[in-house]
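Chemist: my questions concern the predicted model and sequence given below.
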Amino acid sequence: MKRRYLINYNDFCDTKNFDVVIIGAGIGGIYTALMLPKNLKIAILSKKNIYDCDSYLAQGGIAASIDDDNRKLHVDDTMNAGCYVNNIDAVNTLVYESSDAIDSLIDLGVNFDKDENGNFYRSFEGNHSIPRILHVHGDSTGKGIMEILIKRAKIAPNIVIMSNIFALDIVDSKNIYTGITAFYNDKLIYLKSKCCIIASGGIGQLFSKTTNADILTGDGIAMAIRADVNLADMEYIQFHPTALYSKENNFKKMFLISEAVRGEGAILRNKSGSRFMEEYDKRMELAPRDIVARAISDQMKKNYSDYVYLDATMYDKNFLKNRFNKIYTECENNNIEIYKDYIPVTPAQHYFMGGIKVDLFGRTSMKNLYAVGECSCTGVHGANRLASNSLMEAVVFGKQIANDIKYRIKDIKNIHEHVSGNINFEFEEGNFSLLKLKNDLKVIMENNVGIVRTVENVKFASRVVREVLSKLENMNFRNVEGVEVYNMYEVSKNIIDAVLESDSSLGSNYIEDYSKNKLVLR
Ligand code: SIN
C-alpha cells in the first residue's frame, strides 16, 4: 500500500512560518519568487547548493517569439514537435507571453547576446521554422540568467534562501495545503505557509545516462504522489540526442552538446563517417528531438557502437570558440579539438514533459499548492518538447502563478494543522545498499523505459520496481538518501504505469509493439 507520510512527526519539530514556500531554486522557483508581491515572506528551498540545478546548466537558450517573429509559427512548431497532443491554451500562453517574459528578464538585468547591428542574436534549433532562440554568453544561457536571478533573490529582504534542505512531505487538511515537512540542519522541521510552489525540477537521475544535475531525483513529484495530487503525461520523457560520450560517464551527469551546434549547421555521422539523418527524416539533424534520438540509437545498434559523431569541422576555430566556448573548452579537456575532430555523442535522458498536473495558473489539484517548471505539466510540450521552450515555460508560468497568488493571498487563511506523532526516521537498511538500489533502478529504467520501449520490457521493469517498492514502503528512513531512493522508485512506478496504460506509440513514448518498427512514426 502506498504510504502517505514518510515519517511520523512529533512536537519536537521546529516550526517556521512563511506566506509562500517554494521547493526548488531553479529558474521556475527563483523567478516566481521575484515576481511575487514584495510584502510576502517567501522561503526558497534548495536541496543542495543554490547553483546546483539544471537551469544553471542550460546551454542552447530560451525560445521566444519577439519583434517580427510570427507568433503563429512558434505555436505551430511547438505543436508539431509535441505531436499535436499539447494543451493548445498552454501553448498560446507560452508563445504570446514570451516577448514580455524576455523584457522582464532584461529588466532584472539579463544581457542577451546581440549581433554586430545590436539586434538580438537569434539561432536555430530542431523543428524551429525560423531562428528564435536567444542566448547569453553563447552556450552559457542558464548560467547567464541564473546568476542574475540568484543575485536578485539574495538581496530581496522578503526572500529567505535555505540551502541543503530536503523537503519530505506535503501536509494538507482535506486537500487544502497547510505546510511541508523537511529535513534541515539534522532536524525535522515543519514549514507552514499559506501556499506552496513545487519547483523541484526533473527526474534525470532515474536513468543511467542523463544530462541532469545529480540532485534531480523527482522528489517534488514523489511528494505530490504521496499527497494524492494529480499527475499528467508521465509517459513522455525526452532524450537529448547529443550528450558527450565518454567511457566513464555511466551513472554520472553527462555533458551536453547543445542542439544549437546542429542549429548552426553541424551534422551527424555514424561510426563509419556517413551522414545518416536523411534515412529518417527530411528535416535531417534539425528534426524533432525524439526522432533524432531514435535515429542515433538505431545507428548505434546497427553499427554495434556506443556513440555516433557530431561533425562541426566545417566551422573555423574562432567561430566555434566564441559561439560555443563552454562546449569548446569541455571537448578540449577531453582531447577533442572540435574544429578538426568529430565529437562522439550519444543520446541521454534530458527532460520530463510529464509531472504534476497544473492549469494555466500553475494550480494543482490541491488547493493552494502550485507547481512550475519541469516538475509540472501544463501540457505545453505534448509528447515531445520543442527545443529551448523549457526556460521560457518556467518564466511565463512562473509569472502566471505570481499573479494568481497576488490576487488570492488575502483570502488564504493559515490552517493550523497539528503535526504530531513519533519521529521514526530510521531506515533499516538491512541487506540493502542504497547506492546499489539507485544504480539498479537507473539500469532498469535506461534499458526498459528508454528511447525505444516494448510492452514486454516495460512490464519487466514494472515487476522489478514494484518488488523493491513493496519493501521500501514498510521501511523507516534514517537519512535523506533513503528517502531519495524511495522517491526515485515511486516516480518510476508512476512513469511505468503511464506507459503501460498508453495503447499507442506517440512522440517520446515510442513503443515498438504499436509502431510497426518504423522509427520515424510518431
Ligand atoms: C540544448 O542546448 O540543446 C538544450 C536546450 C533544451 O533543452 O531545450
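Modeler: All right, it came through fine.
Chemist: from here on, just use CA atoms for contacts and neighbour counts.
Modeler: OK.
Chemist: so which elements touch the longest helix along the chain?
Modeler: In the chain, taking DSSP state H as the definition, the longest helix is helix 480-501. Judged by 3 or more CA pairs under 8 Å, 6 or more residues apart in numbering; DSSP states H and E, helix 480-501 is in contact with helix 219-226, helix 434-448, helix 455-472.
Chemist: again, only using 6 Å
Modeler: Secondary-structure packing of helix 480-501 (3 or more CA pairs under 6 Å, 6 or more residues apart in numbering; DSSP states H and E): helix 219-226.
Chemist: after the helix it packs on comes which helix or strand?
Modeler: Sequence-wise, the next helix or strand downstream of helix 219-226 (DSSP states H and E) is strand 231-232.
Chemist: what does this structure have sitting close to the ligand?
Modeler: Contact residues (CA under 6 Å from any ligand atom) of the chain with the ligand: Q59, G60, S258, E259, A260, A387, S388, N389.
Chemist: 5 Å - rerun?
Modeler: Contact residues (CA under 5 Å from any ligand atom) of the chain with the ligand: Q59, G60, S258, E259, A387, S388.
Chemist: just the CA coordinates of whatever helix or strand V21 lives in, formatted as CSV?
Modeler: Using DSSP H and E, V21 sits within strand 14-23. The C-alpha coordinates for strand 14-23 follow below in CSV (Å, rounded to 0.1, in the frame of the first residue of the first chain):
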residue,chain,number,x,y,z
ASP,A,14,10.7,23.2,14.7
THR,A,15,8.0,25.2,13.0
LYS,A,16,8.7,28.1,10.7
ASN,A,17,6.1,30.4,9.2
PHE,A,18,6.0,31.9,5.7
ASP,A,19,3.5,33.2,3.3
VAL,A,20,4.9,31.2,0.4
VAL,A,21,7.3,28.2,0.4
ILE,A,22,9.0,27.4,-2.9
ILE,A,23,10.5,24.0,-3.2
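Chemist: residues of that strand that come out buried?
Modeler: N17, F18, D19, V20, V21, I22, I23 (16 or more other CA atoms under 10 Å).
Chemist: for these, which one is nearest the ligand?
Modeler: I23 (21.6 Å; CA to the nearest ligand atom).
Chemist: mind listing the residues bridging to the closest one?
Modeler: Beta-bridge partners for I23, by DSSP bridges, are L45, I198.
Chemist: any idea how far it is from I221?
Modeler: For I23, the distance to I221 equals 11 Å [CA to CA, to the nearest Å].
Chemist: would you mind writing the CA trace of the helix or strand N92 falls within as PDB?
Modeler: For N92, the host element (DSSP H and E) is helix 88-96. Only the C-alpha atoms of helix 88-96 are listed here, as PDB (Å, rounded to 0.1, in the frame of the first residue of the first chain):
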ATOM      1  CA  ILE A  88      -3.200  24.500 -27.100                       C
ATOM      2  CA  ASP A  89      -4.200  27.100 -24.400                       C
ATOM      3  CA  ALA A  90      -0.900  26.500 -22.600                       C
ATOM      4  CA  VAL A  91       1.000  26.800 -25.900                       C
ATOM      5  CA  ASN A  92      -0.700  30.100 -26.800                       C
ATOM      6  CA  THR A  93       0.100  31.400 -23.300                       C
ATOM      7  CA  LEU A  94       3.700  30.400 -23.700                       C
ATOM      8  CA  VAL A  95       4.100  32.000 -27.100                       C
ATOM      9  CA  TYR A  96       2.100  35.100 -26.700                       C
END
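Chemist: and it, how far out from the chain middle?
Modeler: The chain centre lies 19 Å from the centre of helix 88-96; the measure is CA atoms, centre = their mean, to the nearest Å.
Chemist: neighbouring contacts of it?
Modeler: By CA atoms under 6 Å, 6 or more residues apart in numbering, the residues outside helix 88-96 that reach it are V380.
Chemist: in TSV: the buried residues of strand 14-23, plus pLDDT.
Modeler: Output for the buried residues of strand 14-23, formatted as TSV (pLDDT from 0 to 100):
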residue	pLDDT
N17	92
F18	96
D19	96
V20	98
V21	98
I22	98
I23	98
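Chemist: what segments of the stretch 301-450 of the chain are helices?
Modeler: Counting by DSSP state H, counting those that start in this stretch, the stretch 301-450 of the chain has helices at residues 317-323, 325-333, 389-408, 434-448.
Chemist: give me whichever of those is most buried.
Modeler: Compared across those, helix 389-408 shows the largest average neighbour count, a mean of 22 (mean count of other CA atoms under 10 Å).
Chemist: and that one, what does it pack against?
Modeler: Judged by 3+ CA pairs under 6 Å, 6+ apart, helix 389-408 is in contact with helix 27-35, strand 62-63.
Chemist: helix 27-35 and that one, what's the angle between them?
Modeler: Angle, helix 389-408 to helix 27-35, by axes from the mean of the first three to the mean of the last three CA atoms, to 10 degrees: 40 degrees.
Chemist: now helix 389-408 against helix 88-96, angle please.
Modeler: 100 degrees.
Chemist: show me where the stretch 401-522 of the chain dips below the pLDDT cut-off.
Modeler: Counting by pLDDT under 70, the stretch 401-522 of the chain shows low-confidence ranges at 415-432, 478, 516-522.
Chemist: now it against the ligand: closest residue?
Modeler: Nearest to the ligand, among the residues of the stretch 401-522 of the chain, is S508, at 14.2 Å (CA to the nearest ligand atom).
Chemist: surely that residue meets Y236?
Modeler: Yes - using CA atoms under 6 Å, S508 is in contact with Y236, at 5.5 Å.
Chemist: out of these two, which sits in the busier spot?
Modeler: Ranked by neighbour count (other CA atoms under 10 Å), S508 and Y236 place S508 first, with 29 against 26.
Chemist: shared neighbours of S508 and Y236, anything?
Modeler: Common neighbours of S508 and Y236 (CA under 6 Å, 6+ apart) are A383.
Chemist: point to the residue nearest the middle of this structure.
Modeler: G202 (3.4 Å; CA atoms, centre = their mean).
Chemist: counting neighbours, what do you get for the closest residue to A33 other than its chain neighbours?
Modeler: Distances taken as CA to CA, 6 or more residues apart in numbering place I42 nearest to A33, at 7.1 Å, with adjacent residues excluded. Other residues near I42 number 26, with proximity taken as other CA under 10 Å.
Chemist: touching, I42 and V20? I think so.
Modeler: Yes - counting by CA under 6 Å, V20 is a contact partner of I42 at 4.8 Å.
Chemist: residues contacting the closest residue to the ligand within the stretch 351-500 of the chain?
Modeler: Across the stretch 351-500 of the chain, the shortest distance to the ligand (CA to the nearest ligand atom) belongs to S388, at 3.2 Å. Contacts for S388 (CA under 6 Å, 6+ apart) come out as G61, I62, A63.
Chemist: hang on, the earlier thing: any idea of the angle the strand holding V21 forms with helix 219-226?
Modeler: Here strand 14-23 runs at an angle of 110 degrees relative to helix 219-226 (the same axes, to 10 degrees).
Chemist: what's strand 14-23 packed up against?
Modeler: Taking 3+ CA pairs under 6 Å, 6+ apart as the contact cut, strand 14-23 packs with strand 42-45, strand 187-198.
Chemist: at 8 Å what do you get?
Modeler: Partner elements for strand 14-23 (3+ CA pairs under 8 Å, 6+ apart): helix 27-35, strand 42-45, strand 187-198.
Chemist: re earlier: quick one: least confident of the residues of the chain next to the ligand?
Modeler: pLDDT across these is lowest for G60, at 84.
Chemist: and it, how many neighbours does it have?
Modeler: Number of residues near G60 (other CA under 10 Å) recorded here: 28.
Chemist: check contacts around it.
Modeler: Neighbouring residues of G60 by CA atoms under 8 Å, 6 or more residues apart in numbering: I133, H135, G138, D139, S140, T141, S258, E259, A260, S388.
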